[in-house]
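1. Just a sequence and a predicted model for now, questions to come.
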Amino acid sequence: MFAIEGVKLPSNASMQRSGTRTEFARQATKIEASAATMLARHRANDALAVEPGLAAKAVQRVERLERDAAQLRDWLATHPDERRGAKGAIRKSNHTDNESAKMATGKGLIQGYCGVAAVDSRHQIIVEAQAHGTGSEQALLLPVVTAPQEMLAPHTLLTADAGYHSQANLHALATLGVDALIADTAMRRRDARFATQERHQQAPDLLHDKSRVGGEASRVQPRDFTDDAAARTCLCPAGKSLVRKGQSRVTDGFVTEQFRGTKRDCGPCPLRKQCLGTPGSTTVRQGAFVRGRATQHGVRHSTPKKARIDSPRGRSDSPVERRMHWAHSDHLRLARSCPTWRPRVIAAKGPFSTASKFVAAADPP
């Protein structure tokens, strides 16, 4: 079995040097304008008596601004296209290390890479390690799966946590013929043993209460709207009827109906400040109501995986497993779902030692 896990690593690049091409061009223009303004002021003051030290510092500052602007212009000339994400959206560039990316971690934002490793359970070694300049783990599953193809045997099982779960990844793995179990985001909610997990979370600091006392009224919540699914109507808290917007849509596998208000009603509404997030720029309120799960056309690959994970074998709890309490529980549950499961636990080594513990199971009999 190969267990796949990732960790976000900082790079030797500054987050302040990240942005789109448009932002870089605006920054270069601003720097050039600052340098031109300083030069004009210096020319006007040339006839005045100036201390030699101040004049030298001013010249150095102008030279530095001109050098920074020239570097930005050179970078824009050598990188004519924007960086794009997996879905085609513009991704911010960095003119120090353009392969890195700005990403969120448990300790805040970093400019760096997302490292992914695949671990072999039998030999207890890392068989594949990659680093990508993106914070999304879903797009990193297939590269780390296809790289060690020559090492995969017919009985090999791949496990990964919920960060790699998506219908596109499951479909691609099924197309490749790879036996994989990837935890979904609701796996623990379906398991009764995790029903009391909230009581183990850290309680809020009683001395750090930021709740608002008095002041403006609270924001209007979605539950304050009255929805009639049969009549396909919606009433806002002010008693106005919202207009149905187009046909029903499918969003993340669910059928939704879109509603929006009218300028005639939302413009003079007394609840405008509580209803709209930005009442100065947003004209009307709009929202959607979920009508149910959409009918699936074709194979939904997550359904058999969930049944396999939620089976009695997948939720078994043997004495051997209780002694492995420090292991990554999600990988352990996924491994138990494999018919050829054999208890074995390993941990990541080398540069990925900050990643979660890996559970390696499912050795061939």
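-> Thanks, I have the structure now. This one's a predicted model, so the numbers in the text were calculated from it and none came from an experiment.
2. Now do the SS call for residue 287.
-> Residue 287 carries the three-state label strand when classified by DSSP: H, G, I helix; E, B strand; the rest coil.
3. in the stretch 251-365 of the chain, what spans have low per-residue confidence?
-> Applying pLDDT under 70 to the stretch 251-365 of the chain flags the ranges 296-300, 314-365.
4. 90 instead, please
-> Low-confidence segments of the stretch 251-365 of the chain, defined by pLDDT under 90: 251-258, 270-283, 286-365.
5. Can you show me the helices along it?
-> Counting by DSSP state H, counting those that start in this stretch, residue ranges of the helices within the stretch 251-365 of the chain are 263-266, 272-275, 302-309, 319-323, 329-336.
6. What pLDDT is listed against the nearest residue to residue 269 once chain neighbours are set aside?
-> In space, and not counting its chain neighbours, residue 269 is closest to residue 238: 5.4 Å by C-beta to C-beta, 6 or more residues apart in numbering. To be clear about C-beta, it is placed using only N, CA and C from the backbone, and glycine gets the same treatment. pLDDT, the model's per-residue confidence, is 90 for residue 238.
7. Over to the one 4 residues further on?
-> Per-residue confidence for residue 242 comes out at a pLDDT of 89.
8. What's opposite it in the beta bridge?
-> Under DSSP bridges, the beta-bridge partners of residue 242 are residue 234.
9. before we move on, what about residue 84?
-> Residue 84 forms beta bridges with residue 90, as assigned by DSSP bridges.
10. Read off the pLDDT value for it.
-> Per-residue pLDDT puts residue 84 at 85.
11. and the gap between it and residue 20?
-> Plainly put, residue 84 is 11 Å away from residue 20 if you go by C-beta to C-beta, to the nearest Å.
12. The two: who's more crowded?
-> Higher neighbour count among residue 84 and residue 20: residue 20, with 14 against 10, using other C-beta atoms under 10 Å.
13. I figured that one was touching residue 94, is that so?
-> No - Residue 20 is not in contact with residue 94 according to C-beta atoms under 8 Å; the separation is 10.9 Å.
14. Need the overlap of contacts for residue 84 and residue 20.
-> Here residue 84 and residue 20 share the contacting residues residue 90, scored by C-beta atoms under 8 Å, 6 or more residues apart in numbering.
15. What is the longest helix of this structure by residue count?
-> Counting residues, the longest helix in the chain under DSSP state H turns out to be helix 52-78.
16. Can you give me the buried ones in it?
-> Using 16 or more other C-beta atoms under 10 Å as the test for burial, helix 52-78 gives 58, 62, 65-66, 68-69, 72-73, 75.
17. Tabulate those residues (JSON lines), appending distance to residue 38 and pLDDT.
-> Shown next, in JSON lines, are the buried residues of helix 52-78 (distance: C-beta to C-beta, whole Å; pLDDT from 0 to 100):
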{"residue": "58", "distance to residue 38": "7", "pLDDT": "79"}
{"residue": "62", "distance to residue 38": "5", "pLDDT": "86"}
{"residue": "65", "distance to residue 38": "7", "pLDDT": "88"}
{"residue": "66", "distance to residue 38": "10", "pLDDT": "89"}
{"residue": "68", "distance to residue 38": "13", "pLDDT": "88"}
{"residue": "69", "distance to residue 38": "12", "pLDDT": "90"}
{"residue": "72", "distance to residue 38": "18", "pLDDT": "88"}
{"residue": "73", "distance to residue 38": "19", "pLDDT": "90"}
{"residue": "75", "distance to residue 38": "23", "pLDDT": "87"}
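18. Redo the residues you listed as CSV? Include distance to residue 274.
-> Listed next are the buried residues of helix 52-78 as CSV, based on distance: C-beta to C-beta, whole Å:
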residue, distance to residue 274
58, 52
62, 51
65, 46
66, 51
68, 45
69, 46
72, 44
73, 47
75, 46
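19. State the pair within the residues you listed that is farthest apart.
-> Spanning the widest gap among those are 58 and 75, at 26.4 Å by C-beta to C-beta.
20. Could you give me the buried positions within stretch 122-140?
-> Buried-residue list, stretch 122-140, by 16+ other C-beta under 10 Å: 122, 126, 128-129, 131-137, 139-140.
21. Using CSV, list the CA coordinates for the top strand by length along the chain.
-> Ranked by number of residues, the top strand in the chain under DSSP state E is strand 108-120. Extracted C-alpha coordinates of strand 108-120, given in CSV (Å, rounded to 0.1, in the frame of the first residue of the first chain):
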residue,chain,number,x,y,z
GLY,A,108,-0.6,31.9,8.7
LEU,A,109,0.2,32.8,5.1
ILE,A,110,3.5,31.7,3.5
GLN,A,111,5.1,32.0,0.1
GLY,A,112,6.2,28.5,-0.7
TYR,A,113,5.4,25.0,-2.0
CYS,A,114,3.1,22.2,-1.2
GLY,A,115,5.2,19.0,-0.8
VAL,A,116,3.5,15.6,-1.4
ALA,A,117,5.0,12.2,-0.6
ALA,A,118,4.0,8.6,-1.3
VAL,A,119,5.1,6.0,1.2
ASP,A,120,5.5,2.3,0.6
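22. and stretch 164-174, how far from the chain's centre?
-> Centroid separation between stretch 164-174 and its chain, computed with C-alpha atoms, centre = their mean, to the nearest Å, is 17 Å.
23. Check stretch 178-187 too.
-> How far stretch 178-187 lies from its chain's middle: 18 Å, per C-alpha atoms, centre = their mean.
24. Show me which positions of that stretch end up buried.
-> Within stretch 178-187, the residues that count as buried by 16+ other C-beta under 10 Å are 178, 180-184, 187.
25. Same check on stretch 219-235?
-> In stretch 219-235, counting by 16+ other C-beta under 10 Å, buried: 220, 225, 227, 234.
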